[in-house]
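*Asks:* Okay, predicted coordinates and the sequence, questions at the end:
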2 protein chains.
Amino acid sequence: MGEKVERLKQHLYRYHDVSSAASVLGWDQEVNMPPGGAEGRAEQLATLSAIAHELFVSEETGRLLEEAEAEVEGMDYRSDEASLVRVIRRDYDKMTKVPTELVAEFSRVTSRAFVAWREARQKDDYGLFQPHLQRILDLSHRFVEILGYEEEPYDALLDFYEPGMKTSQVRTLFEELKGGLLPLLKRIQAEGAPVETEFLHRTYPVERQWDLTEVMLRKIGYDFTRGRQDKAPHPFTTEFSHGDVRITTRLYPDFPQAAIFGSIHEGGHALYEQGIPAKFARTHLGHGATLGLHESQSRLWENMVGRSRAFWRYFLPIMQAFFPKQLMEVDLDRFYRAINAVKPDLIRVEADEVTYNFHIFIRFELEQALINGELDVADVPEAWNAKYEAYLGITPPSDADGCLQDVHWSHGTIGYFPTYTIGNLISAQLFDRARKEIDGLEAGFAEGEFKPLLDWLREHVHSHGAKFTAPELMEFEFGETISAQPLVDYLTQKYGEIYRL
Amino acid sequence: MGEKVERLKQHLYRYHDVSSAASVLGWDQEVNMPPGGAEGRAEQLATLSAIAHELFVSEETGRLLEEAEAEVEGMDYRSDEASLVRVIRRDYDKMTKVPTELVAEFSRVTSRAFVAWREARQKDDYGLFQPHLQRILDLSHRFVEILGYEEEPYDALLDFYEPGMKTSQVRTLFEELKGGLLPLLKRIQAEGAPVETEFLHRTYPVERQWDLTEVMLRKIGYDFTRGRQDKAPHPFTTEFSHGDVRITTRLYPDFPQAAIFGSIHEGGHALYEQGIPAKFARTHLGHGATLGLHESQSRLWENMVGRSRAFWRYFLPIMQAFFPKQLMEVDLDRFYRAINAVKPDLIRVEADEVTYNFHIFIRFELEQALINGELDVADVPEAWNAKYEAYLGITPPSDADGCLQDVHWSHGTIGYFPTYTIGNLISAQLFDRARKEIDGLEAGFAEGEFKPLLDWLREHVHSHGAKFTAPELMEFEFGETISAQPLVDYLTQKYGEIYRL
């Protein structure tokens, strides 16, 4: 590595360490913190954000960055060095526009909003969360103003989470996907053979569920010496260093899918983080790239692997051993169809593969309306419920299961939701490739063999760290653009078989 | 509060927030962190320490401090404002002597030393820890050099943990205590009536032990909405904010005292921290004062309360309800004598009240020898074992139960151990006072009433935050100096009765 790039890199170690420390405090806040800690934690996180921000946007960073840019001039776009400098520049140009005081304010507001959201959800009282959401929307507007946009305001926010993609592109992709999904959903509802799911609602003691998720995580390759699993109301993955990538899951006695698919989903995120090369540690390249790419990993493991027949050919006997009374008489076909039952329902994270993306369409549309001033924060519950009625034919009986179900807005991350569907699109593209390139991929799953897939993902996705945007990675690795067709094809084929269409 | 003092206070919020963040990372390291996280965590803690240090020793702090000093000139020594400025000055003068690079180095070395210590202890291999201890000793020498001392090198280290006390004073107090304890121990060993302890080594399922410690903590007044208990190999208390004071304990199936007295001990520390007035939050006064005062609280609750006959008049029936098979036939007298059995043993944290201080004498003497260059790091195990033989007539069969038993040296805290015995001395002085001032204090314990004692401690100790040194607090509140006699009297009376001397 060139001397100037090396100096830039070392200069930013502190920034990365402080950011990682903030991640530890954030994890602790969701997993462990007693309620009394909220006020102090909000201050601590605000301070760490402000310090990280100051360290990053300092003139020293700017100076070293310019020197490093001169040094990498003419180097291969895809090289580690050029990529590191390019990614830092992208972030630097964005961040230098944001005043430190706004960063601290954002951190303080969202720390409190998270606590308020948790209480509001517990008490099913949107009013407790509403003023916090208003503050977050106000801050989002300030970010839009400061960061600017070419086509529409939402672009400025989307760019935080999915650099390299515009709202208009996403809208087009989503419309294509909607066009493929709506007829499929209608056919399933009109002509689908009935799927029995009663046995998934028997009582599954949560301790055994916990143990089962650990077995699955170990089997797919999650390294517990470099991570741990905990319980949290909203499952998430967080990375503190190359050697410490943690996930959370949640456990319901009468709904084992929450833990199983929650753990595999977060496990997918964690496999990505654990697969980032150590050489990128403490740099801008040392984590997964965009959120869409991240979600492509979690959804690939959750759905294409975890909800496949082959996966359960291996795991059903194990799950039956954990829960003999509940499952011993259930055969693979019944089980496979049950965990893939399509049913328009209220909760995004527990939605089946066919209806899942409608949950995202709804949030994407509401967020745009909020940002464009077409929707008031006070009217969110009503608008939410109306969209659920329109898209899925159901109305949430409570805000807890409606607009309060997701943690995201309390984190201030407006513009984040569409990355879930972008991830779904990419997951189908990747899985389609992997199937073609790996001999007997699914036959391997049936034997408990997941390493060929993990190795393939390590090579084509994880090894790049955060070097490329999602469109870049798809282009460089596969010569493809992001598209909706592979997901539509995958779902049509899979659910055509399940529902005997 | 005066304008200048207020400005100084606000200037230091960042410093306190970063320090608290480091505490969260430290807690996580001992309670949750997977082994793979060690390297990254060491860097993060080093960075946070360095940033906190820089924030604190900045010229800006110096300038604001001088202005604040002018403002509090002539104010009552005991006022909040004068005390805040005085305590910051004491710390500032010390810290400005220490270069930031040394602080970061100390943090890095001790993060790694902790991980090495844990492994060394598990594998009973002192060699794994020795190079780390050497590095810590070298750093301690650098601190001594930088900080300077009047009488002897150890003073410079002691002053970190027990400001206001000199090694020579401590030595004198310890000699007095030794003079009282040695004859008591000899009489117990020679003439004491036998004490039966077999029933304490039956199998006590750890889940129930855990539940019992929670009941006890709630009963003595520990507020779980502002704290939590976890498991860790070495019990400790840590404070992140006024509303988040956490403790840890450890559980052994055949030794329930470890959890019971460990939890009450840490609970005593935590009651102190939870009792610090909210007005001191995010300042130098917002936590317990010296380590000796801190230990006076934990030991008072652990010993004078938790090992008293009155305490168990209330709690034995509860413990019997948790463990009927193990304890139902044991009466209060047998139980009370068993938990107070005096037996020279290897492990400090599980030592009885009579032999406990010998463990401290040993560490205090070894540390002085290390610092004075009279003892090589390589010879610590041998010297350790020789002292145990000399004072307690026992030789550790392994270093895991010998010089590797305590976490402290891995944290780099040479000079810390004597504060344990200072705390014991003060706890006896405080308890002597409380008994005289609170009507029916111990009759209350027997009814499960601990609030009168907690209120008394809140008033006389907790309410002051970190305003005073230990000698100051004893002088201002009670007109007393720290002395050994009350502890000798308390132990002589208590153990005279237990051993029927």
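*Replies:* Sure thing, it's come through.
*Asks:* Do a quick rundown of the helices in the stretch 151-300 of chain A.
*Replies:* A:153-161, A:167-191, A:206-220, A:256-275, A:291-299 (DSSP state H, counting those that start in this stretch).
*Asks:* Need those helices in TSV (columns: mean pLDDT and distance to residue B:222).
*Replies:* Just so you know, the C-beta spots here come from the backbone N, C-alpha and C atoms, and that holds for glycine as well. Shown next, in TSV, are the helices of the stretch 151-300 of chain A (pLDDT from 0 to 100; distance: least, C-beta to C-beta, whole Å):
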stretch	mean pLDDT	distance to residue B:222
helix A:153-161	96	42
helix A:167-191	96	51
helix A:206-220	98	27
helix A:256-275	97	32
helix A:291-299	98	39
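*Asks:* By proximity to chain B, which residue of the stretch 51-200 of chain A wins?
*Replies:* Closest approach of the stretch 51-200 of chain A to chain B (C-beta to the nearest C-beta) occurs at residue A:51, with a separation of 6.5 Å.
*Asks:* Tell me the confidence at the residue nearest to that residue when sequence neighbours are not counted?
*Replies:* Nearest residue to residue A:51, sequence neighbours excluded (C-beta to C-beta, 6 or more residues apart in numbering or on different chains): residue A:18, at 5.4 Å. Predicted confidence (pLDDT) for residue A:18: 98.
*Asks:* Kindly report the same for residue A:108.
*Replies:* Value for residue A:108, per-residue pLDDT: 89.
*Asks:* and what of residue A:104?
*Replies:* 84.
*Asks:* so what's it up against?
*Replies:* Shown in contact with residue A:104 (C-beta atoms under 8 Å, 6 or more residues apart in numbering or on different chains): A:46-47, A:49-50, A:53.
*Asks:* Just these: which are in strands?
*Replies:* Among the contacts of residue A:104, DSSP state E puts none in strands.
*Asks:* Out of those, which is nearest to residue B:346?
*Replies:* Of all these, residue B:346 sits closest to residue A:47, with 43.6 Å by C-beta to C-beta.
*Asks:* Mean pLDDT per helix and strand in chain A: which one sits at the bottom?
*Replies:* Ranking every helix and strand in chain A by mean pLDDT, DSSP states H and E puts helix A:100-123 at the bottom, with a mean of 91.
*Asks:* Grab the CA positions of that one and hand them over as CSV.
*Replies:* C-alpha atoms of helix A:100-123 as CSV (Å, rounded to 0.1, in the frame of the first residue of the first chain):
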residue,chain,number,x,y,z
THR,A,100,-21.3,18.0,13.8
GLU,A,101,-24.1,19.6,15.9
LEU,A,102,-26.7,17.9,13.6
VAL,A,103,-25.0,14.6,13.9
ALA,A,104,-25.1,14.8,17.7
GLU,A,105,-28.7,16.0,17.6
PHE,A,106,-29.6,13.1,15.3
SER,A,107,-28.0,10.6,17.8
ARG,A,108,-29.7,12.2,20.8
VAL,A,109,-33.1,12.2,19.1
THR,A,110,-32.9,8.7,17.9
SER,A,111,-31.7,7.3,21.2
ARG,A,112,-34.8,8.7,22.9
ALA,A,113,-37.0,7.8,20.0
PHE,A,114,-35.9,4.2,20.3
VAL,A,115,-36.9,4.0,23.9
ALA,A,116,-40.2,5.8,23.2
TRP,A,117,-40.9,3.4,20.3
ARG,A,118,-40.3,0.4,22.5
GLU,A,119,-42.8,1.7,25.0
ALA,A,120,-45.3,2.8,22.4
ARG,A,121,-45.2,-0.6,20.8
GLN,A,122,-45.6,-2.4,24.2
LYS,A,123,-48.5,-0.2,25.1
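*Asks:* Just the angle for whichever helix or strand comes after that helix relative to helix A:153-161, thanks.
*Replies:* Heading C-terminal from helix A:100-123, the first helix or strand you meet, by DSSP states H and E, is helix A:126-147. Interaxial angle, helix A:126-147 versus helix A:153-161 (axes from the mean of the first three to the mean of the last three C-alpha atoms, to 10 degrees): 90 degrees.
*Asks:* how big is the angle separating helix A:126-147 from helix A:100-123?
*Replies:* Using the same axes, to 10 degrees: helix A:126-147 against helix A:100-123 is 160 degrees.
*Asks:* in helix A:126-147, what counts as buried?
*Replies:* Across helix A:126-147, burial judged by 16 or more other C-beta atoms under 10 Å in any protein chain shown covers A:126, A:128-130, A:132-133, A:135-137, A:139-141, A:143-144, A:147.
*Asks:* Show me chain A divided up by domain.
*Replies:* Chain A breaks down into these domains under automatic domain parsing: A:3-140, A:167-498.
*Asks:* Residue B:204 is nearest to which of those?
*Replies:* domain A:167-498 (20.9 Å).
*Asks:* Now for residue A:147: which residues touch it?
*Replies:* A:94, A:97-98, A:156, A:159.
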